[in-house]
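Student: Okay, here's the prediction I keep looking at, along with the sequence it came from:
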Amino acid sequence: MKTLFVLAAIVAVICAEVFKVPIHSAGSKRAQLMNKGKWPEYIKAITSHAATGGQPFIDYYDDFYLGIVSLGTPKQNFTVVLDTGSSNLWVIDVKCTSQACKGYPNSQFNKHQFDPSKSSTFKNNGQYFSIQYGSGSCYGNLASDNLNMGGIQITGQTFGLAESIADVFGYQPVDGILGLGWPQLAVDNVIPPMQNAVPQLDKPLFSVWLDRKIALSQGGNAGQITYGALDTTNCAATTNYVKLSSLTYWQFPITGFSMGSYNNAKTVQRCHQWNG
């Protein structure tokens with residue numbers, strides 16, 4: 001089933017019982033393509049596709065979804081986590097010489113590091129930044145340069161140049177993170193890329209179609225993110241908008257849900273979320 005997640009509806013909160021659903025991993029597509037020597041060809045194809053105003057997802061072990069963005073003039077490409085739970089953009093600085101910043105050899109993932117000296121539009125803001133995530137951290141300095149995400153060009157986007165990243169990132173196909181959350185979540189009051197992109201979009205929204213590939217023989221991409229429009233190719237034409245309960249995370253209260261044969265339609269009187 002193709003499911004539309006329009007991001008006014010990414011995170012839902014409900015007080016209910018706990019149910020466990022097993023998930024089977026399809027493995028890392030990037031590792032498999034690198035082993036076959038086809039990764040550069042794949043990056044080129046994705047970057048070309050980005051001119052349509054959307055970009056395909058790369059599924060990493062069903063853990064998180066990645067996309068290709070570029071920074072600088074001329075463009076330098078990076079594989080980043082498209083993260084709805086944060087609001088900052090950062091990539092690895094070429095000055096970072098730790099093994100995590102270069103990628104651990106047994107991970108088979110070589111990192112792409114941003115080189116300011118190769119961009120004619122780069123500006124160093126001279127401000128320190130530090131971000132702590134649930135699964136890792138990074139720190140470095142803020143800078144600004146031209147960003148291209150899914151064919152949307154943003155001039156002078158402020159982003160972090162990470163001079164140190166957590167070891168866990170060194171084992172993953174991650175050159176950085178692009179936050180798609182609200183400005184209230186942004187560290188150092190940086191304006192998130194999506195908010196900078198809104199003035200040039202047809203509609204002030206982005207939509208997400210998540211696909212899942214159980215077998216490599218199925219081929220194709222692991223979904224699609226579309227900026228400024230609904231994805232009417234992969235998703236249903238009818239959209240239901242609901243009011244968010246917070247302008248931090250993409251969340252709203254719900255009164256029921258169904259998963260497979262299970263249904264829960266209890267009316268929620270009180271529901272609390274702890275983000276500690």
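Tutor: Received the coordinates, thanks. Because the structure is a prediction, the values reported are computed rather than measured.

Student: what residues are up against K111?
Tutor: Contacts for K111 (Cβ atoms under 8 Å, 6 or more residues apart in numbering) come out as I92, C101, K102, G103, G170, D175. C-beta: built from backbone N, CA, C; applies to glycine.

Student: now with 7 Å?
Tutor: By Cβ atoms under 7 Å, 6 or more residues apart in numbering, the contact set of K111 is I92, C101, K102, G103, D175.

Student: need the helices for the stretch 1-150 of the chain, in chain order.
Tutor: 29-35, 39-49, 99-102 (DSSP state H, counting those that start in this stretch).

Student: buried set for the shortest one?
Tutor: Judged by neighbour count (16 or more other Cβ atoms under 10 Å), helix 99-102 contains these buried residues: A100, C101.

Student: For that helix, give the mean pLDDT please.
Tutor: For helix 99-102, mean pLDDT rounds to 94.

Student: Can you list the helices and strands that it packs against?
Tutor: helix 167-170 (3 or more Cβ pairs under 7 Å, 6 or more residues apart in numbering; DSSP states H and E).

Student: If you count contacts, what does the helix it packs on end up packed against?
Tutor: Using 3+ Cβ pairs under 7 Å, 6+ apart: helix 167-170 touches helix 99-102.

Student: mind redoing it with 6 Å?
Tutor: In terms of contacts (3 or more Cβ pairs under 6 Å, 6 or more residues apart in numbering; DSSP states H and E), helix 167-170 is packed against no helix or strand at all.

Student: Let me know the next secondary structure element after it.
Tutor: Downstream of helix 167-170, the first helix or strand assigned by DSSP states H and E is strand 176-179.

Student: Just the CA coordinates for the helix or strand following that next one, please, in CSV.
Tutor: Proceeding N to C from strand 176-179, the next assigned helix or strand is helix 193-197, under DSSP H and E. Taking C-alpha atoms only, helix 193-197 is exported to CSV below (Å, rounded to 0.1, in the frame of the first residue of the first chain):
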residue,chain,number,x,y,z
PRO,A,193,16.3,25.1,4.7
MET,A,194,12.6,24.4,4.2
GLN,A,195,11.6,27.8,5.6
ASN,A,196,14.1,29.5,3.3
ALA,A,197,12.7,27.6,0.4
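
Student: Quick check: neighbours of the following helix or strand past helix 193-197 in the sheet, parallel or antiparallel?
Tutor: Next along the chain after helix 193-197, taking DSSP H and E as the criterion, comes strand 206-210. Strand 206-210 has its sheet partners listed here by DSSP bridges as strand 4-6 (antiparallel), strand 223-227 (antiparallel).
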